[in-house]
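Engineer: Structure, please.
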Amino acid sequence: MSGQYSTYDFLSGSTRVISAGISAKLTDEENDVPDFPSPYGTSGWMENDKYVYINDRYDIWQVDPSGKEAPVMITQGIGRARKTVLRNVKLNPEERFYVPKQTLLLESQSDSTKHGGFWTVKLLDKAAPRQVVTGPYAYMTPVKAKNAGMILYQRSSFKESPDVYAGEELSTARKISDLNPQQANYNWGTAELFKWTTFNGQQTEGIVYKPEDFDPKRNTPC
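Structural biologist: Numbering: from 1, shown residues only. Presented below is the predicted three-dimensional model:
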């Protein structure tokens, strides 16, 4: 299995590989099962089938299905440099294709910090992707109003319930719900990302949940 993308021309009956110019692997880089690695998938098409957008582990590539133009990484390597997965968010469920100069909203997830967030990138533009918001939270996929410039999303963490945020811009959205107000009456614990080396020398990670008022100098019951 080559792990490459190909197109088929119904008029000529010919097949061509269109992703050979992409330097990154397009299938699961950490595949550890006795099977072919799964592809990272695609993020959509430009109108008139001008381009198809293909994902690698972290970034997104603009690829010419005719094979005439070289692939272009629209996220400019920011995803891999930061070890952050960038993926397109489809705000309009009726959208069938992209148009030139369209601004895409990208959701992000950091491999190293686990922080979530959002970026934007403009198609067929040389400007680098722009980070909109990020933080130590899980962000649910945003929902945009059909006939108004308003967007909603949920944000949560170990210490923060999944409340709803709303605004005309993600960066200025305000919390409009209070799902768990009684939490303010309790002394809450904390959660911390923890990394260590296993017995076979592999790097791995997990989460340490600490009780309220945790003091590392004192013995704490399990």
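
Engineer: if you go through this protein in chain order, where are the helices?
Structural biologist: If DSSP state H is used as the criterion, the helices of the chain fall at 78-81.

Engineer: residue contacts, residue 41?
Structural biologist: Each residue near residue 41 by Cβ atoms under 8 Å, 6 or more residues apart in numbering is listed here: 54, 55. (C-beta placed from N, C-alpha, C; glycine too.)

Engineer: Give me the phi and psi for it.
Structural biologist: Phi and psi for residue 41, reported as degrees, to the nearest 10, are phi 90, psi -170.

Engineer: And it, how far from residue 158?
Structural biologist: Using Cβ to Cβ, to the nearest Å, residue 41 is found at 30 Å from residue 158.

Engineer: Flag the shaky bits of this structure, pLDDT-wise.
Structural biologist: Low-confidence segments of the chain, defined by pLDDT under 70: 1, 221-222.

Engineer: at 90 instead, please
Structural biologist: Across the chain, the ranges flagged by pLDDT under 90 are 1-2, 9-13, 32, 149, 200, 202-203, 210-222.

Engineer: Quick one: residues contacting the residue nearest to residue 20 when sequence neighbours are not counted.
Structural biologist: Spatial nearest neighbour of residue 20, excluding adjacent residues (Cβ to Cβ, 6 or more residues apart in numbering): residue 4 at 6.2 Å. Going by Cβ under 8 Å, 6+ apart, residue 4 touches 17, 18, 19, 20, 26.

Engineer: which ones are touching the third one?
Structural biologist: If I follow you right, that is residue 19. Residue 19 sits next to 4, 5, 6, 26, 54, 61, 63, 71 when contact means Cβ under 8 Å, 6+ apart.

Engineer: Over to the last one?
Structural biologist: Neighbour list for residue 26: 3, 4, 5, 19, 39, 40, 54, 55, 56 [criterion: Cβ under 8 Å, 6+ apart].

Engineer: 7 Å instead?
Structural biologist: Neighbouring residues of residue 26 by Cβ atoms under 7 Å, 6 or more residues apart in numbering: 3, 5, 19, 39, 40, 54, 56.

Engineer: The nearest residue to the last one once chain neighbours are set aside and residue 30: what is the separation?
Structural biologist: Read that as residue 56. Nearest residue to residue 56 in three dimensions, chain neighbours excluded: residue 24, at 3.9 Å (Cβ to Cβ, 6+ apart). According to Cβ to Cβ, residue 24 and residue 30 sit 14 Å apart.

Engineer: Going by how many neighbours each has, rank those two and give me the top one.
Structural biologist: Set residue 24 next to residue 30 and count neighbours by other Cβ atoms under 10 Å: residue 24 wins out with 18 against 6.
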